[in-house]
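Participant: Pasting the sequence and the predicted model now:
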Amino acid sequence: MYVPTHPTRPAGGIGRFSRGLLGSAGVGLAMNCAVVMLARADSPAADPEITGSLERHWTNNALDSDNQVSDWYTLLRGSLQKQWGDNDANVKLQSDFQVSHYDRTSIEDDRTLGVSATAFRKLTPGIELRGTLSYRVSSTGDNLDIGPLVLGTRELKQIFGAQGQLGIDLGNATTLILEAADSYEKLGATHFQEDLIPDTKLHADRNIVQVAARITRTIGQFAIGGSASAVLASVERVGSPPLFVSFSGYTLRAEAAYKGTDGSTLGLALGAQFLKDADGLYERWRPTWQLAFAKPLPHGFQLRGTYFGRYETSDTDDPLASWLQRGELELAVKPREKLTLGSGVFCELKKNLLYENDEHRKGVYLEATYDATKSTAIVLRVDVSRVYKTVIDEREHTVDAFVGLRAKI
C-alpha cells in the first residue's frame, strides 16, 4: 500500500454536476468535431461578446470536509470574447475570470484568471488548421486540519498551454483530425495561515504532452469512427516517497453517434486504456466507455444522461491517478416561455490507484431559471451531495443553495 505523506483534499462534489452534463455530450461532440472543423467557420463577431454572473450562496460545508462549517459566500464570473477575420481565416481572443469570497471562512476564497488566443486558417478547400495559446493563473484557498485546529492554506498555480489541430477532408464524408497539445503546470509553495508553518511545496510542477488522431465517417444521421491518443506526463519529484509520479497513458476507442430528426442524440464509445507510472508501481490495461444521450419528451420535457468509465489523472488526490466511474441524469422542462425547471442526480465511484482509497459520491440538484430579459436571467438552485471515503472513514454531507443573476451582452 502506498503511504501518503501529505494531507489530501476531496475533489468538488455536485457543484461539478452541471458542467459534467455539459461535457456529457462528449461522445457526440467527438464524433462530430471533424464535421464541425471542416464546415464553415463561425462568422466574425462585429462586437465583443461579454458574459457575466453574480451568485449569492449559502453552504453548510464551507471547508469541504467532515468538519462542517456553514457560511455565505459570493461567486462572480465573467468572460470576454472577440473575433476578427472571415470564414477562411480568423483570430479569436478570449479572457475569463472567477472570484469567490466567503463572509467568515475567508481562507477558502479563490481567484482565477485565464486568457487565450486562437488562430484559424483554411489552407485548401479540404484542409484546415487551428492553433491555440493559453495562460491561466489561480490563487486557491484551502484548509489543513490538525486535530481541532483548522489552518488556512493558499497556493498559486499557473498553466501555460499550446494546442494545434489539423483537419483533413478525405472524401466520401470522411474526415481526419490530428491534434497535439502541450501543457505546463507551475505550482508555488503552499503558504500557511499566520505563517504558523514555513511555506512548503505540497504539489508538483508537471508538463503534459498529448497527441491524438480521430477519423470519422458520416452516413446520413449516423457517424462512426475511431480514435487513438497518448499522454506523457513529466512530474516534478516532491517528497520521499514522492507525492506525485510521472506517467504515460494510451487510449484506443471505437465511436458511434446518432442524431434524430426530433432532436434526440445518442453517442457511444468503447475502447481500452493503458496507464503506466515511471516508478513501476502501476501498469495496467482497463476498458473505457462512454454513453451519452439526449431525448425530447412529451409536454416540453427534455431528458439527458451520461455514463462513463476512465482513468482520471487531473481531478484526483492520488499520486498517480484514479479509476473513475460516473453516471448522471438530468430532466428539464419549460412550463412557461421564460421559465425553465431542471433536476438532476449523479452517482460516482473513484478508486485511487496507489492510495487504495475509494470515494463514493452521490447527489441531486434542483434549479429554476427565469429569463428576465433577452440578455439576463435569474437562477435559483440547490445542490445536495454526500461523500464517503473508505480508508480514512470520512463522511461529508454538503448543501449549497444560491440565487444568481446571469447576463450576456
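Facilitator: Structure's in. What do you need? Residues are numbered from 1 along each chain as shown.
Participant: Now do the strands in the stretch 301-409 of the chain.
Facilitator: 301-312, 322-336, 339-352, 358-371, 376-389, 394-408 (DSSP state E, counting those that start in this stretch).
Participant: Can you give me the neighbour number for the residue nearest to Glu330 when sequence neighbours are not counted?
Facilitator: Excluding its sequence neighbours, the residue lying closest to Glu330 (Cβ to Cβ, 6 or more residues apart in numbering) is Gly344, at 3.8 Å. The C-beta positions use only the backbone N, C-alpha and C, and glycine is treated the same way. Neighbours of Gly344 under the rule other Cβ atoms under 10 Å: 22.
Participant: so which of the strands of the stretch 301-409 of the chain comes closest to Thr59?
Facilitator: strand 394-408 (4.5 Å; Cβ to Cβ).
Participant: Show me which positions of that closest one end up buried.
Facilitator: Glu396, Thr398, Asp400, Phe402, Gly404, Arg406 (16 or more other Cβ atoms under 10 Å).
Participant: Which residues does Arg381 form beta bridges with?
Facilitator: Glu367, Phe402 (DSSP bridges).
Participant: was I right about it contacting Glu367?
Facilitator: Yes: assessed by Cβ atoms under 8 Å, Arg381 is found in contact with Glu367 at 4.3 Å.
Participant: What about the residue nearest to Phe247 when sequence neighbours are not counted, how many residues nearby?
Facilitator: The shortest distance from Phe247 to any non-neighbouring residue, by Cβ to Cβ, 6+ apart, is to Asp277 (4.6 Å). Counted with other Cβ under 10 Å, the burial measure for Asp277 works out to 22 neighbours.
Participant: From Leu93, how far off is Asp277?
Facilitator: Relative to Leu93, Asp277 is positioned 38 Å away (Cβ to Cβ, to the nearest Å).
Participant: dump the residue contacts of Val211.
Facilitator: Taking Cβ atoms under 8 Å, 6 or more residues apart in numbering, we find Val211 in contact with Glu179, Ala180, Ala181, Ser229, Ala230.
Participant: Restrict those residues to the buried ones and give me that as a PyMOL selection.
Facilitator: In PyMOL syntax, the buried subset of the contacts of Val211 is picked out as below (16+ other Cβ under 10 Å):
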select buried, resi 179+181+229
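Participant: Now, the contacts of Val211 that are in strands?
Facilitator: Glu179, Ala180, Ala181, Ser229, Ala230 (DSSP state E).
Participant: ok, Leu196 touching Leu151?
Facilitator: Yes: if you go by Cβ under 8 Å, Leu196 and Leu151 touch, sitting 6.4 Å apart.
Participant: Counting neighbours, go ahead and name the busier of the two.
Facilitator: Taking neighbours as other Cβ under 10 Å, Leu196 and Leu151 compare with Leu151 leading, 16 against 11.
Participant: Tell me the spacing between that one and Asn67.
Facilitator: With Cβ to Cβ as the criterion, Leu151 and Asn67 are 12 Å apart.
Participant: Same question for Leu113.
Facilitator: Applying Cβ to Cβ to Leu113 and Asn67 gives a distance of 30 Å.
Participant: before we move on, what about Gln221?
Facilitator: Taking Cβ to Cβ, one finds Gln221 at 52 Å from Asn67.
Participant: Compare those two (neighbour count), which wins?
Facilitator: A count of neighbours by other Cβ under 10 Å puts Asn67 above the other of Gln221 and Asn67, at 14 against 11.
Participant: Give me the three-state assignment for the more buried one.
Facilitator: Following DSSP: H, G, I helix; E, B strand; the rest coil, we place Asn67 in the coil state.
Participant: Now it: closest residue in space, sequence neighbours ignored.
Facilitator: In space, Asn67 is closest to Asp145, 6.1 Å off (Cβ to Cβ, 6+ apart).
Participant: does that neighbour really touch Ser65, like I thought?
Facilitator: Yes: here Asp145 lies in contact with Ser65, judged by Cβ under 8 Å, at a distance of 6.6 Å.
Participant: Of the two, give the one with the bigger neighbour count.
Facilitator: Ser65 (18 against 14).
Participant: Now that the more buried one has come up, it's in contact with Asn143, right?
Facilitator: Yes: the criterion here is Cβ under 8 Å, and Ser65 meets it with Asn143 at 7.1 Å.
Participant: Which single one of the ones in strands among the contacts of Val211 is nearest to Thr376?
Facilitator: Relative to Thr376, and with distances defined as Cβ to Cβ, the nearest of the ones in strands among the contacts of Val211 is Ala181, at 35.7 Å.
Participant: So in the chain, which strand runs the longest?
Facilitator: strand 149-171.
Participant: pretty sure His240 is in a helix, no?
Facilitator: One thing to correct before we go on: residue 240 is Ser, not His. No: counting by three-state DSSP, Ser240 is located in no helix; its state is coil.
Participant: Need the phi and psi values for His299.
Facilitator: phi 60, psi 30 (degrees, to the nearest 10).
Participant: and the gap between it and Ala233?
Facilitator: 48 Å.
Participant: The closest residue to Glu312 other than its chain neighbours: neighbour count?
Facilitator: With Cβ to Cβ, 6+ apart as the criterion, Glu312 has its nearest non-adjacent residue at 4.1 Å, and that residue is Leu324. By other Cβ under 10 Å, the residues close to Leu324 number 18.
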